[in-house]
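>>> whatever this is, show me its structure:
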Amino acid sequence: MALTPQDPHSLGDLARVLVLGARISRREARGKSTKRLERRVERIREDAVKREEADAKKPLGKKKTK
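Numbers count the residues shown, from 1 in each chain. Down below sits the predicted model:
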C-alpha cells in the first residue's frame, strides 16, 4: 500500500528508508562511511519503482485481492 497514489513506495519501504536515514545521520556524525547504507536506500527505491512499473503494465481487472 502506497502512502499516496503517485508514490511507488509501500509503507514498509518508507519505514526502512526512514530507519536507514537515521543510521546514516548517526554514522555521518561519527565520521564513518555511509556508502553501504546509501546503496541499500537506493536499492529499496529502485525496487519500488520497478514494482510500480510492473503493476502499471498489468491489466486493471487482473489484480489479486486478499
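
>>> now the longest helix belonging to the chain, how far from the centre of its chain.
Using DSSP state H, we find that the single longest helix of the chain is helix 35-57. Centre-to-centre, helix 35-57 and its host chain are 6 Å apart (CA atoms, centre = their mean, to the nearest Å).

>>> can you give the contact residues for that helix?
With contact meaning CB atoms under 8 Å, 6 or more residues apart in numbering, helix 35-57 is reached by 8-10, 13, 16-17, 20-21, 23-24, 27, 63. C-beta here means a position set from N, CA and C on the backbone, and glycine is covered the same way.

>>> what's the weakest-modelled helix or strand in the protein?
The helix or strand of the chain with the poorest confidence is helix 35-57; it has a mean of 90 (mean pLDDT, DSSP states H and E).

>>> could you pull out the buried residues of it?
With burial defined by 16 or more other CB atoms under 10 Å, the residues of helix 35-57 counted as buried are 37, 41, 44, 48.
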